[in-house]
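1. Just a sequence and a predicted model for now, questions to come.
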Amino acid sequence: LRVEVGYREVALLLLAEVAGVLILASPDVPGAGLVVIGFLVTCPGWAIVRHLRLYDPIAELTLAVAVSLALNVLVGQFLVYMGAWSGRIGAAVLVAVTVTGTLFPVIPATADAAPDSEAGREAHPGPTPDEALADGGRARSLAS
Amino acid sequence: MTGVSVFILLAGLSAWVFSLRAINLRALDDLGLVSTLPPSTFIGLIALTVGFFLTLFARRYNPTLLLLYVGSLILMLYGTIVLVADLPRIEAGWRHIGYIEFITRNREIDPLLNAYFNWPGFFAGSALLVEAAGQENALWLGRWAPLVFDLLYLGPLLLIYRALSDDPRLVWAAAWFYFVAAWVTQDYFSPQGFALFIHLTILAVVLRWFLLPGHDFTGLRRQAARWRGASRLTDVLVKWLTVSGPPPPPTTAAQRAGLAAIVVLLCAVVVSSHQLTPFFTLFIVIGLVVLGRCRLGGLPILLCVLLGAWAAFMAFAFMQGHIDGLLENIGKVDSIMRDGVSDRLHGSSEHLFITRLRVAFTLFVFLLATAGILRRIRRGRLDVTAVVMMVAPFAVLPLQTYGGEMTLRVYFFALPAMGYLMARFFFPDSVRAASRPMRAAAVGMSLCLMLGLLLVRYGNERMDSYTGEEYEAMVYFHEATSTRPQAPRSTARQDDLPLVLLASWNVPLRFERDERFRYHVIGSLRGDGFTYLQDGDVAGALRAARLDAETEAYFISTRSQKAQLDLMAGLPPAAVEQFTQAMVTSGVAVPMFHNRDATILRLVPGAVH
């Protein structure tokens, strides 16, 4: 199993570490709550969704938030139904999900190269990041 | 043009920010928020609308600027009240905060105690966020929820509209029309507000990556060939079913597997978080599968299995006690419509105006969307996917009255498609191809809908917003009653719990220790409940509450309760004040707390006969 570590992975791991410290040590730091919330509603999903290599910022962000919120719900429900409720343990599980999802491809993807490179174009026939930002790959042809 | 668009956007935002300081929620009348909005709010909204459409029609397509415009629209229409009011709105939102407090305090849920705990997903997830963030309660979540939810809806909506249209500009126009017509206030801090985001995301994934570009319908054609005339009709139908919408972007098998796994995950979450939303998802997905538009043919079966399993095992406590009531209403469309529409037409004259305007606004949006379908058909195009998304929610209508809210929910779930179809009415071919009169009509209609939305969405604002003084009184009540010895919840009998008599149900009380009290509403809006308040009949009200002499009991009346009774039943606020005074002068109760917006009385044990 190959572990890829790029700047996105480093960012996710750093965020997971900061959130983990804030959740478990709960230091009296202004804005700590916002950082934890921001982490919990985006990062667990982002760590998983990025493996899909959708190269569409709106789609990736939407799915990252949806999957993160879904994981919050499922972990929270599991703990409460098991009679082991603890918000902090639940959040720690989500930090672990983020780290695991960042380091290991939870969803195996076939295209490794970025789609705007020649190799990536062959491996991944989807839109380039620019096209995706514009309208998911169809703006260029319509604008011309 | 970009410079002009940016300037107009900044000017509109500045006018709106300037207007915030002038909004005084205490000056609201029965027309709601509109009655206190200064002219600068409207100037800001007009500037935003003009700027958005100028950017939309411009020669150069600028998605970043269009995103900023739609984001600003959400901020202005849905963020104004969030920024002006310091507290969560809507009484139900306060109760939801209370259910989260129940989980964090008791570290469990009790499906027998409350129906909501049979679908605890939203509450468990929110409780996790609250506790992990080190917050005392979810009041802050409740306050910001409407703005956050509406911003969240934008993502899946854009994905859905991209799947429906080849024209990137139409995607933004559709999103714009969605947000100027989303008047149904279900985006407050609620399971349904959260579940809508999950529902939209499921549809976004299905439509964006699993939409079948076409189905040859060979069997249907073969059958139709046997009947004279049917073959031609079938050809038209098949053409409609195969031409609408762009093909999905190419994906690998691994990507599709990952996206399908996400859909399954989201289905599990929506089923466990809200009792009604998955039915809307189910009916829309069934429509798409039956008409050959969705590659995930097993998704309706999966949803049915999840719904059945949840009802049979996880929501068993609720189903056991309510199955008869749930089945009783099926098919009674007349009573569902009566509960949802005609029964709401009462109250003060301004409130009646707002309520009628809501009905008219809703019907108008349906008509405009239908006109959009017809304009497309005249051009030989039927937006099958959008039509399914608009029509399928009606399948849920005959199932339940849902407390008189089913008609609202149908509108709520049909609106994503109607946003697209309204945009199609003005731009049936493409945005750039629209004539000048149609462009002008789109701007004018957008402004009319925006004004209508401010009236109908915030028409109850006098009762939906709560003041700091009301909150202060509720905090005092909880502190004052928390010192009394209490039996463990599991052994407490309902009759042993202290009774809280409420002037009406509209009070921000139940955000804490909800299960420690039982409640009785004196000013019920149905039947002859509020006549006790009208006549100052204290003895009658206490008899109706079946209060025995030794029961620990309290009476609460607040500004928002008086506003509700005035707005919805025409009961003057003075009547509630006189009733409160009569309770004290008759010796039944003694004052416990009083400020300008709230009065709390403690009933004297033994004084009640």
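-> On my side now, so go ahead.
2. going forward, measure contacts between C-alpha atoms and count neighbours the same way
-> OK.
3. now the chain, which segments are flagged as low pLDDT?
-> As the question left the chain open, I've gone with chain A. Chain A contains residues with pLDDT under 70 at A:1-5, A:106-144.
4. Switch to chain B, please.
-> B:1, B:213-218, B:228, B:242-245, B:325-327, B:329-346, B:401-404, B:484-493, B:525-529, B:607-609.
5. Can you list the residue ranges for strands in the stretch 501-609 of chain B?
-> All strands of the stretch 501-609 of chain B, identified by DSSP state E, counting those that start in this stretch, fall at B:518-521, B:553-558, B:589-595, B:598-603.
6. For the last one, buried residues please.
-> Taking 16 or more other C-alpha atoms under 10 Å in any protein chain shown as the basis for neighbour counts, the residues of strand B:598-603 that come out buried are B:A598, B:T599, B:I600, B:L601, B:R602, B:L603.
7. just how off-centre is that strand within its chain?
-> Chain-centre distance of strand B:598-603: 32 Å, with C-alpha atoms, centre = their mean, to the nearest Å.
8. Next, the angle strand B:589-595 makes with it.
-> Computed by axes from the mean of the first three to the mean of the last three C-alpha atoms, to 10 degrees, the angle separating strand B:598-603 from strand B:589-595 equals 160 degrees.
9. B:N460 against B:L31, yeah?
-> Yes. Shown here, B:N460 and B:L31 form a contact pair, counting by C-alpha atoms under 8 Å, at 7.4 Å.
10. Scan chain B for its longest helix.
-> When chain B is parsed with DSSP state H, its longest helix is helix B:349-378.
11. What helices and strands are in contact with it?
-> In this structure, helix B:349-378 packs against helix B:406-426, helix B:436-457, with contacts taken as 3 or more C-alpha pairs under 8 Å, 6 or more residues apart in numbering or on different chains; DSSP states H and E.
12. any idea which of those is most buried?
-> The highest mean neighbour count among the helices and strands packed on helix B:349-378, using mean count of other C-alpha atoms under 10 Å in any protein chain shown, belongs to helix B:406-426: a mean of 25.
13. the helices in chain A, which residues?
-> Using DSSP H, the helices of chain A run over A:7-25, A:32-49, A:57-81, A:87-103, A:118-123, A:129-135, A:139-143.
14. With distance to B:W310 and mean neighbour count as added columns, please give those helices in a markdown table.
-> Shown next, in a markdown table, are the helices of chain A (distance: least, C-alpha to C-alpha, whole Å; neighbours: other C-alpha atoms under 10 Å in any protein chain shown):
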| stretch | distance to B:W310 | mean neighbour count |
| --- | --- | --- |
| helix A:7-25 | 32 | 17 |
| helix A:32-49 | 25 | 23 |
| helix A:57-81 | 13 | 23 |
| helix A:87-103 | 22 | 22 |
| helix A:118-123 | 41 | 14 |
| helix A:129-135 | 38 | 18 |
| helix A:139-143 | 43 | 13 |
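15. Tell me which of those sits nearest to B:S482.
-> Counting by C-alpha to C-alpha, B:S482 lies closest to helix A:87-103 out of the helices of chain A; the figure is 24.0 Å.
16. now that closest one against helix A:57-81, angle please.
-> Angle between the axes of helix A:87-103 and helix A:57-81 is 140 degrees (criterion: the same axes, to 10 degrees).
17. is helix A:87-103 anywhere near chain B?
-> Yes. Judged by C-alpha under 8 Å from any C-alpha of the partner chain, helix A:87-103 comes into contact with chain B through A:G87, A:R88, A:G90, A:A91.
18. List the contacts of the third one.
-> This points to A:G90. By C-alpha atoms under 8 Å, 6 or more residues apart in numbering or on different chains, the contact list for A:G90 reads A:N72, A:V75, A:G76, A:L79, B:L128.
19. next one: the second one
-> Contact analysis of A:R88 by C-alpha under 8 Å, 6+ apart lists A:I23, A:L24, B:L128, B:E131, B:A132.
20. Out of the helices and strands packed on helix B:349-378, which gets nearest to A:R8?
-> Here helix B:406-426 is closest among these (C-alpha to C-alpha), at 33.3 Å.
21. Let me know the angle separating that closest one from helix B:349-378.
-> Helix B:406-426 and helix B:349-378 are oriented at 50 degrees to each other (the same axes, to 10 degrees).
22. which residue sits closest to the residue positioned nearest the centre of chain B, ignoring its sequence neighbours?
-> Closest residue to the average C-alpha location of chain B: B:Q186 at 1.0 Å, with C-alpha atoms, centre = their mean. Closest residue in space to B:Q186, ignoring its immediate chain neighbours: B:G193 at 5.5 Å, by C-alpha to C-alpha, 6 or more residues apart in numbering or on different chains.
23. quick one: contacts for the one you found?
-> With contacts defined as C-alpha under 8 Å, 6+ apart, B:G193 is in contact with B:F149, B:Q186, B:D187.
24. Turn those into CSV, including secondary structure.
-> Converted to CSV, the contacts of B:G193 look like this (DSSP: H, G, I helix; E, B strand; the rest coil):
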residue, secondary structure
B:F149, helix
B:Q186, coil
B:D187, coil
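25. Adding distance to B:A225, write those residues out as a markdown table.
-> Below are those laid out as a markdown table (distance: C-alpha to C-alpha, whole Å):
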| residue | distance to B:A225 |
| --- | --- |
| B:F149 | 50 |
| B:Q186 | 48 |
| B:D187 | 49 |
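26. Between the residues you listed, which sits nearest chain A?
-> B:F149 (11.5 Å; C-alpha to the nearest C-alpha).
27. Pull up the residues of the stretch 101-250 of chain B that are close to chain A.
-> So the stretch 101-250 of chain B meets chain A at B:104, B:107-109, B:120-122, B:124-135, B:152, B:155-156, B:159, B:162, B:166-168, B:197-198, B:201, B:249-250 (C-alpha under 8 Å from any C-alpha).
28. Please tell me how far the following helix or strand past the longest helix of chain B is from the chain's geometric centre.
-> Reading on from helix B:349-378 to the C-terminus, the next helix or strand found by DSSP states H and E is helix B:384-391. Centroid displacement of helix B:384-391 relative to its chain, using C-alpha atoms, centre = their mean, is 21 Å.
29. Over to stretch B:504-522?
-> A distance of 22 Å separates the centroid of the chain from that of stretch B:504-522, by C-alpha atoms, centre = their mean.
30. and what of stretch B:142-153?
-> For stretch B:142-153, the distance to the chain centre is 11 Å (C-alpha atoms, centre = their mean).
31. which outside residues touch it?
-> A:62, B:71, B:74-75, B:78-79, B:82, B:86-89, B:93-94, B:97, B:187-189, B:193-194, B:196-197, B:200.
32. So which of those sit within helices?
-> In helices, judged by DSSP H, the following of the contacts of stretch B:142-153 are found: A:62, B:71, B:74-75, B:78-79, B:82, B:93-94, B:97, B:193-194, B:196-197, B:200.
33. contacting residues for residue 14?
-> Using chain A. Residues near A:L14 by C-alpha under 8 Å, 6+ apart: none.
34. Not quite, go with chain B.
-> Residues near B:S14 by C-alpha under 8 Å, 6+ apart: B:G44.
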